[in-house]
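*Asks:* Below are the sequence and a predicted model for it; my questions follow.
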Amino acid sequence: MGWHASSAPDVGQGGPPDFISPNFESFVVHHQVVIVGGGEAGLIVSRRLLKACPGLDVGIIEPSEQYNCQRFWLMVGSGVLPARGSRRETSTLIPHEAHWIRDTVQSFDPAGDTLTTVGGAAVSYDFLVVAPGIQLNWDRVQGLREAVGRDGICSAYAFKTLVATWDSIRDFAGGVALFTQPSGQTKSPTGPLEMCYLAEEHFRRSGSRDHSQVIFTSGETSMFQVPQYSQILDRLAKEKGVAVHLGLDLIEVQPASHEAVFCNLASGEEVVIRYDLLHVAPPMGPCDFVAHSVLADEGGWVDVDPYTLRHSRFPNVFGLGDASSLPCTKTAAAIRQQAPILVTNLLAALERRPLTGKYDGGSNYNIVTGYESILRAELDYNGMIVEVPASELLRLSPQNV
């Protein structure tokens with residue numbers, strides 16, 4: 001399934017970082033290429049740049065001392081994998097030829113080819129790559145930050161609540177198990193549904209399914225953005241007996257009464273669902289320091305050309321991954337196809353050559369639909385390329401935990 005890293009923090013924080021450099025007096029540093037973000041996108045780009053151009057002066061701005069494999073977190077939260085393998089030390093992954101700036105960006109000045117950090121650095125560059133990932137906005141759901149990890153509320157989207165998430169699913173004896181997906185752009189957008197399907201299968205294995213009602217809600221209007229796959233996922237939900245409610249966005253949790261409050265996005269009315277177990281995927285969006293910058297488009301994402309990955313207005317700025325405006329899914333698989341294109345074009349720009357790399361929106365999905373089944377999908381900007389039925393076995397078992 002691959003490593004999917006992000007600077008996203010534990011649930012106790014509203015956005016990056018885990019770690020910020022001390023406040024020193026302002027100082028200035030210059031690198032030929034500065035990469036914002038030490039997650040999957042930033043690491044792949046830095047490694048490819050340094051391999052293609054040994055001696056290139058590369059600086060990586062990444063605040064977190066821990067590299068999070070968030071794709072694995074869904075497997076941990078559903079009892080498939082142990083938590084210990086889902087984190088690594090960032091220091092072991094940053095290329096030794098690169099300069100690691102353990103800080104977070106405060107503001108960008110692309111007209112002056114500089115940025116400033118929270119720790120007081122003014123970092124100048126010849127070229128900039130912006131890839132800080134996506135931000136988890138826990139506070140957009142009233143009461144969620146305080147309640148997650150207890151009172152029947154869990155989430156596989158924070159490292160500190162992973163164990164509690166599996167405990168909640170493992171110990172569920174019956175009642176209403178409610179799984180939510182927010183509206184808008186999210187990382188690995190099928191993740192909340194995968195958690196629902198995996199938990200539902202565990203309930204069958206544990207004997208609690210006959211005493212349970214499993215509900216999946218989504219702020220979106222379909223199960224997946226490509227109709228052919230949406231139909232398959234909808235059919236699977238019916239086969240599993242999962243009640244699906246689309247167009248409902250979670251806006252509040254009420255732990256004392258075990259009630260989840262939703263907004264019906266079509267009518268604006270509030271809908272209340274009582275739960276015994278509630279798994280929440282929090283709302284997500286661009287990092288604040290990107291959204292509030294001149295690099296952002298109207299939605300707050302790094303405004304890049306969808307084919308060259310070069311910024312639409314600043315020719316020495318590139319972007320990729322979850323932070324970008326690319327009209328494709330926000331997945332590690334997409335990043336792995338974007339990174340070589342970006343490196344090809346950035347090297348061309350360094351040498352003042354035309355940009356020849358072209359990204360076609362390619363991304364492949366392994367949508368986990370049970371402990372031993374996946375739905376494989378491969379997409380580009382035109383939609384579906386190839387469909388594989390949900391029959392390929394994943395040798396996964398909760399006994400691995």
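*Replies:* Everything's here; your move.
*Asks:* drop to CA atoms for contacts and neighbour counts, all remaining ones
*Replies:* Will do.
*Asks:* Give the burial count for Phe27, as a bare number.
*Replies:* Residues lying near Phe27 (other Cα atoms under 10 Å) number 11.
*Asks:* Leu49 too?
*Replies:* 23.
*Asks:* That one falls within a helix, correct?
*Replies:* Yes. The assignment for Leu49 by DSSP: H, G, I helix; E, B strand; the rest coil puts it in a helix.
*Asks:* Tell me the spacing between it and Pro340.
*Replies:* Counting by Cα to Cα, to the nearest Å, the gap from Leu49 to Pro340 is 9 Å.
*Asks:* Equivalent analysis for Gly191, please.
*Replies:* From Gly191 over to Pro340 (counting by Cα to Cα), the distance is 26 Å.
*Asks:* contacting residues around the closest residue to Tyr359 other than its chain neighbours?
*Replies:* Closest residue to Tyr359 apart from its sequence neighbours, by Cα to Cα, 6 or more residues apart in numbering: Tyr307 at 4.6 Å. By Cα atoms under 8 Å, 6 or more residues apart in numbering, the residues touching Tyr307 are 357-361.
*Asks:* what sits up against stretch 195-213?
*Replies:* By Cα under 8 Å, 6+ apart, stretch 195-213 touches 74, 77-78, 169-170, 172-177, 179, 214, 216, 237, 240, 242-243, 368-371.
*Asks:* before we move on, the earlier item: quick one, which of the contacts of Tyr307 are buried?
*Replies:* 357-361 (16 or more other Cα atoms under 10 Å).
*Asks:* what about Glu89, neighbour count?
*Replies:* Neighbour number of Glu89 under other Cα under 10 Å is 12.
*Asks:* So for stretch 146-164, what gets flagged as buried?
*Replies:* So stretch 146-164, judged by 16+ other Cα under 10 Å, has buried residues 147-149, 151-164.
*Asks:* Mark which of those are part of helices, please.
*Replies:* Counting by DSSP state H, the part of these found in helices is 147, 162-164.
*Asks:* and the residues you listed, which two are the farthest apart?
*Replies:* Farthest pair in these (Cα to Cα) is Ala147 and Val163. Separation: 15.2 Å.
*Asks:* This structure - how does it break down into domains?
*Replies:* In terms of domains, the chain is parsed into 27-135+285-350, 138-282 (source: automatic domain parsing).
*Asks:* what's the longest helix in this structure?
*Replies:* Per DSSP H, the chain has its longest helix at helix 332-350.
*Asks:* quick revisit: between Gly191 and Pro340, which one's more packed in?
*Replies:* Shown here are Gly191 and Pro340; by other Cα under 10 Å, Gly191 has more neighbours (21 against 18).
*Asks:* what sits against Thr116?
*Replies:* 105-108, 122-123.
*Asks:* Ignore what I typed, I meant Ile251.
*Replies:* Contacts of Ile251 by Cα under 8 Å, 6+ apart are 140-142, 260-263.
*Asks:* now the strands for the stretch 201-350 of the chain?
*Replies:* Using DSSP state E, counting those that start in this stretch, the strands of the stretch 201-350 of the chain run over 212-218, 243-246, 248-254, 259-264, 270-274, 277-280, 284-286, 317-319.
*Asks:* any idea which of those strands is most buried?
*Replies:* Of all the strands of the stretch 201-350 of the chain, strand 317-319 has the most neighbours on average by mean count of other Cα atoms under 10 Å, namely a mean of 28.
*Asks:* Residues in contact with that one: which ones?
*Replies:* 110, 127-131, 302-304, 309-311, 342, 346.
*Asks:* shaky segments in the stretch 301-401 of the chain?
*Replies:* Counting by pLDDT under 70, the stretch 301-401 of the chain contains low-confidence residues at 383-401.
*Asks:* so Leu136 bridges to which residues?
*Replies:* Note on Leu136: beta-bridge partners by DSSP bridges are Met284.
*Asks:* That one against Met284, yeah?
*Replies:* Yes. Checked against Cα atoms under 8 Å, the pair Leu136 and Met284 is within contact range at 4.6 Å.
*Asks:* Quick one, which of the domains of the chain gets closest to Leu375.
*Replies:* domain 138-282 (8.7 Å).
*Asks:* Backbone dihedrals for Ala173, please?
*Replies:* Backbone geometry at Ala173, expressed as degrees, to the nearest 10, gives phi -100, psi 0.
*Asks:* which residues does it contact?
*Replies:* Ala173 neighbours (Cα under 8 Å, 6+ apart): 208, 211.
*Asks:* Distance of it relative to Arg274?
*Replies:* For Ala173, the distance to Arg274 - Cα to Cα - is 16 Å.
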